[in-house]
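**Student:** sequence and predicted structure are below.
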Amino acid sequence: MSNVLRALILAALFAGPALAQQAGVRFGGLKQDTSLPVEVTADQLSVDQADGSALFTGNVLVKQGEMRMTAGSIRVEYAESGQGIARLLATEGVTLVSPTDAAEAAEAVYTIDSGLVVMTGNVLLTQGNAAISGETLNVNLRDGTGTMTGRVKTVFTPGKSGGTP
């Protein structure tokens, strides 16, 4: 076991609850060009002209570049100007996938202009052979950074390669 890995494990063991509550994570695979078109496919669509939203239900799939998001239901909120999408609110089991990373949660909110995705409820992020879990995952798709909070847990496997959260 390397000295760096040993130091990380010892720091995690002795840092106490503060370290267990929040972890910074790199998301190179979840980095995304947020200016690309957003394509939504679902079993059903209902539109509410009064509040400027659309509700996609049943096997919902959202594509933007190489990023994919699936959920049971996704509400699309359009920009006040009427030009483009402001936010996607996904519920009923959400999965966010890129070519190298995947995250699962109960719900997610994707704010298109800022490139921020907030996933909540039993979040699980996998990167190669590594996995990290918590209650909330904040991902910035523009720069590939993020933070996992709420009783964060990860398992380090000495001698294994394939991704580090």
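**Tutor:** Looks like it arrived, so ask away.
**Student:** pretty sure Pro158 sits in a helix.
**Tutor:** No. Secondary structure of Pro158 (DSSP: H, G, I helix; E, B strand; the rest coil): coil, not part of a helix.
**Student:** so how far is Lys63 from it?
**Tutor:** According to CB to CB, to the nearest Å, Pro158 and Lys63 sit 38 Å apart. Glycine gets a C-beta too; all of them are placed from N, C-alpha and C.
**Student:** give me the more crowded residue out of these two.
**Tutor:** Lys63 (14 against 9; other CB atoms under 10 Å).
**Student:** which residues touch the more buried one?
**Tutor:** Applying CB atoms under 8 Å, 6 or more residues apart in numbering to Lys63 gives the contacts Val38, Glu39, Thr41.
**Student:** and it, how far from Val118?
**Tutor:** With CB to CB as the criterion, Lys63 and Val118 are 20 Å apart.
**Student:** and if you look at Glu92?
**Tutor:** Distance, Glu92 to Val118, by CB to CB: 16 Å.
**Student:** what's the answer for Pro99, then?
**Tutor:** Distance, Pro99 to Val118, by CB to CB: 22 Å.
**Student:** tell me the bridge partners for Thr111.
**Tutor:** Listed by DSSP bridges, the beta-bridge partners for Thr111 are Arg87, Leu116.
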